[in-house]
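Asks: below are the sequence and a predicted model for it; my questions follow.
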Amino acid sequence: MWLSGGRAILSCLLGVSGVVTCTKYKASVYSDNQKHETGSLDTVRVPGDLIFSQVIFRHGARTPVYEVKGDSGSWNLCSPDMYQKYLLPVDIISLSPSNPNPVEDDSLSEESTSINVCKRGQLTSFGVQQMFTVGSLFRKRYFEEFHLLDQQDWKTQLYVRSTFMKRAVQSAQAFLQGLLASVALQDEKVSIHVLDKKEENLFPNSYQCPRIKELYAAARKLLADNKEEFVMPELKAGYWNLQSPLDFIRLRDVIISREAHGLPPLESDDGTKLPCREVVERGHRAMSHLVLGYNEKMREESLKLSGGKTISQVLFVFWS
């Protein structure tokens, strides 16, 4: 979100967790991951007038994007009542003239008729609660502690930006519900600004940069050529049938999604548990090679092309 006008600008992009605070004289950064031994946040205070504050985070907990054996019956964790209660009604503003409705569902699968049953990649009830909690924490910080947002003038100070994925938009809605819980909204609605997926710059986008697609293809080939570095012999045959590094990426997604929701580890038909930590480590390594580059040369280029537009946008707001 980017908040503009008056004394402060609050900016929230659905990306990596952290906070950037900029003044006329210097910029300082602190992350929610940086804490003192006492557990308190390491808040950086600098002299000067506040120009803007940007809050950057990812979406809440979701269901797995991929489908694997033994996982399909677990995801009855998407309560319509939770969405009704915690998702703030908003106006979606398209930033793409060619597409008036850029928000896309997280899954191409059919809508389930069973209540509470989730689709692939959907923000779960737990994910909604997570984002509402984050919004509540920021309400205390931005409204009550630092007074960066004004109870009467909040709408002119707030700019919200999300990617086109429904789970990201819903995460922003839940965050806003927590952030604005003490504000008398009346008939006012917050606008969430969204780009079409072909124009999006908040993640590595091969539509915007064909070179990213070439780097992914090259990394995928290198992964295939060196698959023995990743594949675990004991999981190559039988129930799990993990034949390639991409299989580990898919299984990693399922494992960490299940862990986030407190679901038990995956088991085979005979009750044998999956060695989750080893699978996650190999899946993470394979995904890093695929997305960030297989070697140092590819990595340097991939990082610049993948995050450069987002960083340049943040810097443009600061320096302008």
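Replies: Yep, it's here.

Asks: next one: Glu234 from Ser268, what distance?
Replies: In this view, Glu234 and Ser268 are 11 Å apart by Cβ to Cβ, to the nearest Å. In short, each C-beta sits where N, CA and C put it, glycine included.

Asks: these two touch, right, Val90 and Val194?
Replies: No - shown here, Val90 and Val194 do not form a contact pair, counting by Cβ atoms under 8 Å, at 10.5 Å.

Asks: ranges for the strands of the protein?
Replies: Here the chain has its strands, by DSSP state E, at 10-14, 18-23, 27-30, 50-57, 90-94, 158-162, 190-194.

Asks: how many other residues sit next to Asp150?
Replies: Residues contacting Asp150 under the criterion other Cβ atoms under 10 Å number 17.

Asks: in space, what's closest to it - neighbours in sequence excluded?
Replies: With Cβ to Cβ, 6 or more residues apart in numbering as the criterion, Asp150 has its nearest non-adjacent residue at 6.6 Å, and that residue is Gln157.

Asks: the one you found: neighbour count?
Replies: Residue neighbour count, defined by other Cβ under 10 Å, stands at 21 for Gln157.

Asks: and it, how close does it get to Val314?
Replies: When Cβ to Cβ is applied, the distance between Gln157 and Val314 equals 18 Å.

Asks: roughly how far does the nearest residue to Thr272 once chain neighbours are set aside sit from Pro233?
Replies: On the basis of Cβ to Cβ, 6+ apart, the spatially nearest residue to Thr272 that is not a chain neighbour turns out to be Tyr239, at 7.6 Å. Relative to Pro233, Tyr239 is positioned 14 Å away (criterion: Cβ to Cβ).

Asks: please apply the same query to Glu278.
Replies: In this structure, Glu278 lies at 12 Å from Pro233, with Cβ to Cβ as the measure.

Asks: again with Ser98
Replies: In this structure, Ser98 lies at 50 Å from Pro233, with Cβ to Cβ as the measure.

Asks: residues contacting the residue nearest to Ile212 when sequence neighbours are not counted?
Replies: Counting by Cβ to Cβ, 6+ apart, Ile212 lies nearest to Ser206, which is 4.6 Å off, once chain neighbours are set aside. When contacts are counted by Cβ atoms under 8 Å, 6 or more residues apart in numbering, Ser206 is found next to 212-213, 216.

Asks: cool, Phe143 as well?
Replies: Contacts for Phe143 were tallied using Cβ under 8 Å, 6+ apart; they are 149, 151, 182.

Asks: brilliant, that's me finished.
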